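S.K.: Below: sequence and its predicted model.
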Amino acid sequence: MRRLTSIALLAATLALAAPAVAQVRAPDGAPNPTASSVNEEMLFKQDPKIHGRISIPNATAANLIQPQGREWRQFRESWLPWIGGLVVLGMLAALGLFYFTRGRIRLEHSEESGKKILRFNAFERFSHWMTASCFIVLSLSGLNYIFGKRLLMPLIGPEAFATLAQYGKYAHIYLAWPFMLGVLFMLVLWVRDNIPGKIDWIWLKQGGGLLGDAHPSAGRFNAGQKMVFWMVVGFGLAMGATGIMMIFPFAATDINGMQIMQVIHSLIGVVFIAGILAHIYIGSLGMEGAYDAMGSGEVDLAWAKVHHDLWVKEQQAKTASGPQLGRGQVPAE
Amino acid sequence: MARMKFLCDADRCIECNACVTACKNEHEVPWGINRRRVITLNDGKPGERSVSMACMHCTDAPCAAVCPVNCFYTTADAVVLHSKDLCIGCGYCFYACPFGAPQYPRVGNFGSRGKMDKCTYCSGGPEVDLSVAEYEKYGSNRLAEGKLPLCAEMCSTKSLLAGDGEMIAQIYKERVIKRGYGSGAWGWKTAYRETIAI
Amino acid sequence: MKAFLVAVAAALVLATAASFLLAENQRFAYQAFATSGARVSDPGNNLVGPRWTGDIKDPGQGGHHKAETGS
Amino acid sequence: MLTKRRSGVAGRGSHQALAAGLTAHTLDRRGFLRKSGLAAGGLAALGTVRLGAVRPAQAAGSSADPAQAVIRKNICTHCSVGCTVTAEVVNGVWVGQEPSWASPINRGAHCAKGAAIRELVHSDRRLRYPMKIVNGEWQRVSWEQAITEITDKLQAIRNKNGADSVYWLGSAKFTNEASYLFRKFGAFWGTNNVDHQARICHSTTVAGVANTWGYGAQTNSYNDIRNAKTMIILGGNPAEAHPVSMQHVLSGKEINRANMIVIDPRFTRTAAHANEYVRIRSGTDIPVIWGILWHVFQNGWEDKAFIAQRVYAMDDVRKEVAKWTPDEVERVSGVPGEQLKRVAELFAKEKPSTLIWCMGATQHTVGTANVRALCILCLATGNVGKPGTGTNIFRGHTNVQGATDLGLDVTTLPLYYGLVEGGWKHWARVWDVEYDWLQSRFDEVPASAGRKARTRKENMETPGLTSTRWFDAVSLPADQVDQRTPLKAMMVFGHGGNTVTRMPEAVKGMAELELLVVADPHPTTFAAMDARKDNTYLLPICTSLEMDGSRTASNRSIQWGEQVVKPAFESKTDYEVIYRMAQKLGFAETLFKGIKVVDNVPDAEDLLREINRGGWSTGYCGQSPERLKAHMKNQHKFDLVTLRAPKDDPEVGGDYYGLPWPCWGKPELKHPGTHILYNTSLHVKEGGGTFRARFGTERNGATLLAEDSFSLGSDLTDGYPEFTFGVFRKLGWDKDLTADELATIQRIGGNNPDAVSWATDLSGGIQRVCLDHGVIPFGNGKARANAWNLPDPVPVHREPVYSPRPDLVAKYPTRLDERQFRMPNVGFSVQKAAVDRGIAKQFPIILSSGRLVEYEGGGEETRSNPWLAELQQDMFVEVNTADAAERGIKDGQFVWVYGPENTAKAKVKALVTDRVAKGVAWMPFHFSGWYQGKDMRDFYPKGADPVVLGESVNTVTTYGFDPVTGMQETKVTLCQISAA
């Protein structure tokens, strides 16, 4: 009964005068009803898609032609694989280059080496890892949407690949939820420490110490980390929002909207993956001692003083005035 | 081999929905799935036209292109079919399709909407021709029996034409020349990147 | 490591929960496209399979499952 | 990449392959139906077992005998176009449908209903076994018990209240044979209260057209519309009601570049394809037709020669038409004069022109007059009796034409013999029963309320109650109903309960009945109104597709349908149920004299042969079962436009498809049937003819016989009266009769053989000799522009009972109150009260009703078919965008529609559209099962409720009846609409 359901009525401009249709004649004198009837060209001029009335209770079925799928397909099949490939492989290449030129950033030893300071409490680490583990699956299953049929399918055959892709799809859609929750947790936990300040500007100007030997001052998070934070939060929320709109078709947008959402989702996705690759590099292979922050939660005081001098000072001040936070004494969440 | 197409002559279509129920009848299409449907444009106003629409079996079909598991294939008759065994129900074909052809057994979200279903041009699917498996997954296979899609065969006013693209274009052309008017082959530009020149 | 394992476990639990919630939010096409005027007792299940997933692995084994009545 | 797995079975038919692949799993219902046919058993064997629990026969997988699909042809039951349905049947199960390419009528095509008709038979919402209601609960009973109880109660009611207290409502879905049998049964029961759906669709057409030129039927055919250069479709929406007819309409429009003009209050799907659309106010057809004729006469566009030769009293029409100046027409109907002038010129000058109408013209208090005016328009322009012309009247059900022909009508015996003594005696002879015995079956009616008493004979010749008012005949005070007692029992065969107007009063009437029996494949609205707690029975009748028999399409072509599958579940054919009832009532032997009965099922072919033996008056005499079957077998040989088979064909040579009646003489005469009625350009033997000399030879000094006009090759070259033995003797043609024929005529005529006519001569001799002389048996008369026996001899405009223009009522009032069909018709009082009470102000919107393509009639069958039901799931009202905006109504929301009578209201969805003009609303008439806002689903027998339910439009429709036929007014009433 979707004759009844409101389908946007065609533009009022279509209402051709009086209900009584006068006889329209073709040049040869024959009656020509199509002279006054709708046609594809005219309707496309009024609206990028052609829609009307349909009697079944499915409003979207009332769309007759929505040719934008062709453009979306152009993006998805012709551009996206190149964009995705370039971004992801480009980042991997850059990181490789960096590793081989700059090498691993070593921990500078001092008398404070061996002393630990709690950098991330258990809940913080939990949130990070929940987000991170989901991200890895999401990114792999996401890349599979683009590259799977090109790279994997020829290797393992269509049946095995389809099964894998099926599970990948489930994983992508279901793990999106803990991922989004994790992003929200991290936002709440760390937003206070990630507000950009003047110090970040200085840090950036000095190249974050990555390029030279200097160690610019930094609070709990340096500008680079703040960028990762904001990337994760921003991209994470954007991925969540666009993803949700695709998971729930027509809840918020129509087919064209979903096409646009998919474009945004995929573009952000590949950039996100590239960014996180850098994050993973610097947090593990790239810098000695950094992994501990998320591994055990405690970092070497010496490392901390080098990389997060202001934060260490702040923590020590807190410790002097406030309750001692000893080993294993994690504040209850 | 023939290049199969659909053509709906909107100057003949009266929205009688025979194509819709013929399809239901031939394939036992369940409630909620509509492989074919009729849409009325400019309803209730002068110039009103109805058009019957299903999968157009596009040239260089976008659904097939965007499928992440390449479950689509084109038959020798240029019919675009897909394998439900491979389909993962991701919905990409449904984003790409200009004609709203892909349907899913479940509605609401893409958690698990199930395998996509669409018009097969009455030519079954990748299973063995005329087998039970083919019937249950894709419906009957009239092409294998040397028949055309039932929707077009049963069209009340012979508005919906099915068959080799050149032949039906010729029929349409002759009609237009005879009667002196025609609102064009709806969807052809989008589906086949061509129109019927008269 | 503990935080990591707990996180992975939590992700799995949440994903499972999400899968149920999403499934809950879904309706069969015959329910979604039926109005208050119709009572669909047997929507049929050719092409969609007995569980309305479209998954027809073993043809002929449709069973006499009847999907729930839409009202 | 992917390729198709091809192997083994390719090339075999799908059904065989399905059968071969079948294994002994449990299956769902549909799977079962499709596949079990391939296994064994079949639907009939299922009985009443719960389908879901059924296991296909064990033999299924193993023996794998790939069953061969049998092709069976029947006729679609959903409208009168007569589309052939081609069914593939395997092991007694209907597994598939194929296009019927061979049929010249549908050429493979179907509409939504025809393409879904397989499900009608398989529908799991069908009534599976007889049921009765006990204290408000449905209970299953056996056939034996049901028939015994029903007939016992009937007998008791008859003994106490007389034969007329039982109403026998038949169906347009009956085959010809069942229709005939039902009417015959009514005669044997002793009543003229036998009616069917024609009452509510084209009774006014039959009356109006027959009174103009002889027969009340479509003059040409759907196919012949291909010849028209101009067509007017007035009050019809074939795109939805007769979609396959549009194949011919649109083809004709294209081939001839024909003018297609649609005159309708509503911009329909048909109007969308017209070259010219004329929007009129509902109920102003006569002003519009006279408005067209005004221009015709004004400009001298009429066919003067035709009028002079073949029309009586056109000048009387001129006088009336002169009143309808363009200004007055526009004032009353809203149509500008310029537009009608254009229409008039096209219709009169670009010939051949045809007029197509449907229920928009007929379902009015002025229905008969409307139809008459339309016929007169054709006569004035000479557009009758030639290819491409004529009144192409599209009728409603499969066999509404046939059921009308065969006398399911309160005013006549089968084949229009009327209720006069001669008619009764004719049929008594055919039936081989004593006329006196038939007479003894009828009631004597005592004097009442100032009316004279009626003897049995007089009662036998008195028209019965119309089905439009059966409930009035139950509820009105006894002295108002002119028969022995008011109605006590309703026997409803294949007829919806929601198709007559004034539903609240029908519900009241239902409650007061002593017995209600509904014999139908579905429970129908009668079962769901919660009006009755006891004495109500439901009998499962199979669909028409499960029956052998002939059906007459709108164009008078008779097609033989063969039983596709055995009656499903416990259902039985109409034939069998009638037989069983007759058995219990004690007259089966006489009723079925000479008719083969096997296992309680009378043979349809024998019934048709009996019809042939008595059907002279309408030319139902030449179509033997053998000839009809030969036509079905040779469908592909008939021409698309002329409907004729090549002369040299051994089986059907020269025949018109379906031997459209009149098909003169005995079958052996091989008359080809009559494709186009009154066509003088053909020899009678080739289907030619003239207007029927039915109304005498002279009136007021003017001749009623044709002048200088006769059919090709006629021995008589002027008008002539109908033929009797007396006329024969005057012409000396009696010598041409054989001795056997003479003997039969003498036997029939007794002491007055001269009175034996072409219609009563059982030997067929008179018709045979007529044909040899090239004359048509019914005479060569003039068509009547003035039909003096009708209430309005020349049609005059009369405002609807509930007129939206009270200012016009004084000038154009409805007819005065009078008694018709045994009851008072108080339309005038109702109209006056409505004007006095200012109803048009309180209910400012005109309400009209009509048809949707997905459904048919009361809709119970089609709404039980999920393939159709899915397409129209909610009852709705079309509201103009401006009216909706004024009332704050959005498209798709629920609204209340209030009617001016019985404080009736209906809750429906709004469809906001400009299809209807401002101040006009339109509702489809197929819905029921919701009543004044309440969902009545629970009152249906469990599991037999239709898939889709909704309010019936007739909950809010109102009073108003045509004086000639009792036709109800469904197209114009008033309503108010507000958001719910």
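M.R.: The structure has been received and is ready for your questions. None of these values were measured; they are calculated from a predicted model. Numbering: from 1, shown residues only, chains lettered A, B, ... in the order given.

S.K.: show me where chain C has strands.
M.R.: C:27-28 (DSSP state E).

S.K.: low-scoring stretches of chain B, by residue?
M.R.: B:1 (pLDDT under 70).

S.K.: Show me which residues of it sit near chain C.
M.R.: Proximity of chain B to chain C is confined to B:27-33, B:84, B:87, B:89, B:103-109, B:111-117, B:131-133, B:135-139 under the rule Cβ under 8 Å from any Cβ of the partner chain. The C-beta positions use only the backbone N, C-alpha and C, and glycine is treated the same way.

S.K.: Out of those, which sit inside helices?
M.R.: Residues of these located in helices (DSSP state H): B:27, B:132-133, B:135-138.

S.K.: who touches the residue positioned nearest the centre of chain C in this structure?
M.R.: Residue closest to the mean C-alpha point of chain C, counted by Cα atoms, centre = their mean, is residue C:23 at 5.5 Å. If you count contacts by Cβ atoms under 8 Å, 6 or more residues apart in numbering or on different chains, residue C:23 has them with B:111-112.

S.K.: just checking, residue D:588 touches residue D:578?
M.R.: No - the criterion here is Cβ atoms under 8 Å, and residue D:588 misses it with residue D:578 at 9.2 Å.

S.K.: before we move on, back to that, kindly identify which of the residues of chain B next to chain C also come near chain D.
M.R.: B:28, B:31-32, B:131-133, B:135-136.

S.K.: Just give me the residue right at the centre of chain D.
M.R.: Most central in chain D (Cα atoms, centre = their mean) works out to residue D:400, at 2.8 Å.

S.K.: follow-up on the earlier one: go ahead and build a PyMOL selection from the buried members of the residues of chain B next to chain C.
M.R.: Entered in PyMOL, the line below selects the buried ones among those, by 16 or more other Cβ atoms under 10 Å in any protein chain shown:
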select buried, chain B and resi 27+28+29+30+31+32+33+84+87+89+103+104+105+106+107+108+109+111+112+113+114+115+116+117+131+132+133+135+136+137+138+139
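
S.K.: circling back to that earlier point, between residue D:588 and residue D:578, who's got more neighbours?
M.R.: residue D:578 (24 against 19; other Cβ atoms under 10 Å in any protein chain shown).

S.K.: from what I can see the more buried one touches residue D:180, true?
M.R.: No - when contacts are counted by Cβ under 8 Å, residue D:578 is not listed as touching residue D:180 (10.5 Å).

S.K.: Can you show me the strands along chain A?
M.R.: Using DSSP E, strands in chain A cover A:50-51, A:63-65, A:116-118, A:298-300.

S.K.: Within its local environment, how many residues does residue D:412 see?
M.R.: Neighbours around residue D:412, by other Cβ under 10 Å: 22.

S.K.: looking at the strands of chain A, which is closest to chain B?
M.R.: Across those, chain B has its closest neighbour in strand A:63-65 (4.7 Å, Cβ to the nearest Cβ).

S.K.: Show me what counts as buried in the longest helix belonging to chain C.
M.R.: In chain C, assigned by DSSP H, the helix with the most residues is helix C:2-25. By neighbour count on 16+ other Cβ under 10 Å, the buried set for helix C:2-25 is C:3-4, C:6-8, C:10-12, C:14-15, C:18-19, C:22.

S.K.: on that earlier part again, please convert the strands of chain A to JSON lines, extending it with mean pLDDT, distance to residue D:857 and mean neighbour count.
M.R.: Shown next, in JSON lines, are the strands of chain A (pLDDT from 0 to 100; distance: least, Cβ to Cβ, whole Å; neighbours: other Cβ atoms under 10 Å in any protein chain shown):
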{"stretch": "strand A:50-51", "mean pLDDT": "92", "distance to residue D:857": "33", "mean neighbour count": "24"}
{"stretch": "strand A:63-65", "mean pLDDT": "94", "distance to residue D:857": "32", "mean neighbour count": "24"}
{"stretch": "strand A:116-118", "mean pLDDT": "85", "distance to residue D:857": "82", "mean neighbour count": "19"}
{"stretch": "strand A:298-300", "mean pLDDT": "84", "distance to residue D:857": "83", "mean neighbour count": "21"}
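
S.K.: Next up, phi/psi of residue D:759, please.
M.R.: phi -90, psi -20 (degrees, to the nearest 10).

S.K.: hang on, it packs against residue D:616?
M.R.: Yes - with contact defined as Cβ under 8 Å, residue D:759 counts as touching residue D:616 (4.9 Å).

S.K.: Looking at those two, which one has more neighbours?
M.R.: Taking other Cβ under 10 Å, residue D:759 and residue D:616 do not tie; residue D:616 has more neighbours (30 against 25).

S.K.: What separation do you get for the more buried one and residue D:593?
M.R.: Distance, residue D:616 to residue D:593, using Cβ to Cβ, to the nearest Å: 20 Å.

S.K.: Then residue C:17?
M.R.: 78 Å.

S.K.: Over to residue A:223?
M.R.: Taken as Cβ to Cβ, the span from residue A:223 to residue D:593 is 109 Å.

S.K.: the more surrounded of those two?
M.R.: For residue A:223 and residue D:593, the more surrounded residue by other Cβ under 10 Å is residue A:223, and the numbers stand at 22 against 11.

S.K.: Quick check: that one touching residue A:205?
M.R.: No - the pair residue A:223 / residue A:205 is not scored as a contact, 9.6 Å apart, by Cβ under 8 Å.

S.K.: and which of the ones next to chain D among the residues of chain B next to chain C is nearest chain C?
M.R.: Taking Cβ to the nearest Cβ as the measure, chain C sits nearest to residue B:32 out of those, at 2.9 Å.

S.K.: ok, now which ones touch that closest one?
M.R.: Counted by Cβ under 8 Å, 6+ apart, residue B:32 has contacts B:105, B:107, C:28-34, C:43, D:870.

S.K.: please redo it, this time with the cut-off set to 10 Å
M.R.: A:56-58, B:103-107, C:27-34, C:40, C:43-44, C:48, C:52, C:70, D:870 (Cβ atoms under 10 Å, 6 or more residues apart in numbering or on different chains).

S.K.: In JSON lines: the strands of chain A, plus distance to chain C.
M.R.: Formatted as JSON lines, these follow (distance: least, Cβ to the nearest Cβ, whole Å):
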{"stretch": "strand A:50-51", "distance to chain C": "18"}
{"stretch": "strand A:63-65", "distance to chain C": "15"}
{"stretch": "strand A:116-118", "distance to chain C": "13"}
{"stretch": "strand A:298-300", "distance to chain C": "12"}
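
S.K.: Out of the ones you listed, the one nearest residue D:145 is which?
M.R.: Nearest to residue D:145 among the strands of chain A is strand A:63-65 (56.0 Å), distances taken as Cβ to Cβ.

S.K.: quick revisit: next, format the strands of chain A as CSV and append distance to residue D:962.
M.R.: Shown next, in CSV, are the strands of chain A (distance: least, Cβ to Cβ, whole Å):
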stretch, distance to residue D:962
strand A:50-51, 44
strand A:63-65, 44
strand A:116-118, 97
strand A:298-300, 98
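
S.K.: about what we covered before: between residue A:223 and residue A:205, what contacts are shared?
M.R.: residue A:216.
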